[in-house]
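Participant: What would the 3D arrangement of this be:
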Amino acid sequence: MRSKSQALMDKICDYVNDYYRVNHKSPSINIIAKAVNVSKTTAYRYLVEMNDKGILSYDGKTIETSNTDKCVTGYFSAPIVGSVRCGDPETEEESVEEYVSLPTSIFGTGEFYILRAIGDSMIDAGIHENDLVLIKKQSSASVGDIVVALDENNENTLKTYAGIDEDSQHAILRYENKEVYPDKVIKVKKLVVQGVAVNVIKKL
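Facilitator: Take a look at the predicted model:
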């Protein structure tokens, strides 16, 4: 077999790494051939030789390098479904704006959706206007959890669940902005939890 160009091998390896980081999978031979401007047959022969030399791993279908092994392979898609007030409650708009791909190694597993924060009542908890709040769908919550709660008026809001009032037996939802809303809470007779906030995605 004629000696292969080291420059082309490097180019193929770099392309595989870049493609994997964006698409979370290895490219096909046809995609590689077009990307590095060679024939499909040439791309295949290079992959075979690069596999033989230990530059990458190629089993006839999947291509892996030392860099792709470091990439996160587990992802899930979470829909952005509108906004939720971090001030006075507001009815949630259940319309999907788009889907966001997130790694399970950082955000965990489960069923999630994303809400865009509106208002200033949760800034002491690190949630500001237009932040994307990742919500894990669940119907229960522990004291201290930041929840998307639905009250008896079918209005939702993002607040901290502060437990049950001993006198009224109402659930307490606490504002997290001591400067603007000192000691302000919402008390609801029947609290319906739509999910618990697990992460905040911000623009810097």
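Participant: From now on I want contacts and neighbour counts done on CA atoms only, so please keep to that.
Facilitator: OK.
Participant: how's the protein carved up into domains?
Facilitator: Here the domain parsing of the chain from automatic domain parsing is 6-70, 75-201.
Participant: any chance of the ones you listed in TSV, plus mean neighbour count and mean pLDDT?
Facilitator: Converted to TSV, the domains of the chain look like this (neighbours: other CA atoms under 10 Å; pLDDT from 0 to 100):
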stretch	mean neighbour count	mean pLDDT
domain 6-70	16	89
domain 75-201	18	86
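Participant: residues contacting F76?
Facilitator: 101-104 (CA atoms under 8 Å, 6 or more residues apart in numbering).
Participant: In strands, which of these fall?
Facilitator: Counting by DSSP state E, these place 101-103 in strands.
Participant: Just checking, which helix or strand succeeds the longest helix along the chain along the chain?
Facilitator: Secondary structure of the chain per DSSP state H: the longest helix is helix 6-23. Reading on from helix 6-23 to the C-terminus, the next helix or strand found by DSSP states H and E is helix 29-36.
Participant: Let me see the contact set for the residue minimising distance to the centre of the chain.
Facilitator: Closest residue to the average C-alpha location of the chain: L102 at 3.1 Å, with CA atoms, centre = their mean. L102 sits next to 75-78 when contact means CA under 8 Å, 6+ apart.
Participant: re the thing from before, just give me the closest of the contacts of F76 to E176.
Facilitator: L102 (27.0 Å; CA to CA).
Participant: That closest one and V22, how far apart?
Facilitator: Going from L102 to V22 by CA to CA, to the nearest Å gives 12 Å.
Participant: where along this structure do the helices fall?
Facilitator: For the chain, applying DSSP H gives helices covering 6-23, 29-36, 40-52, 104-107.
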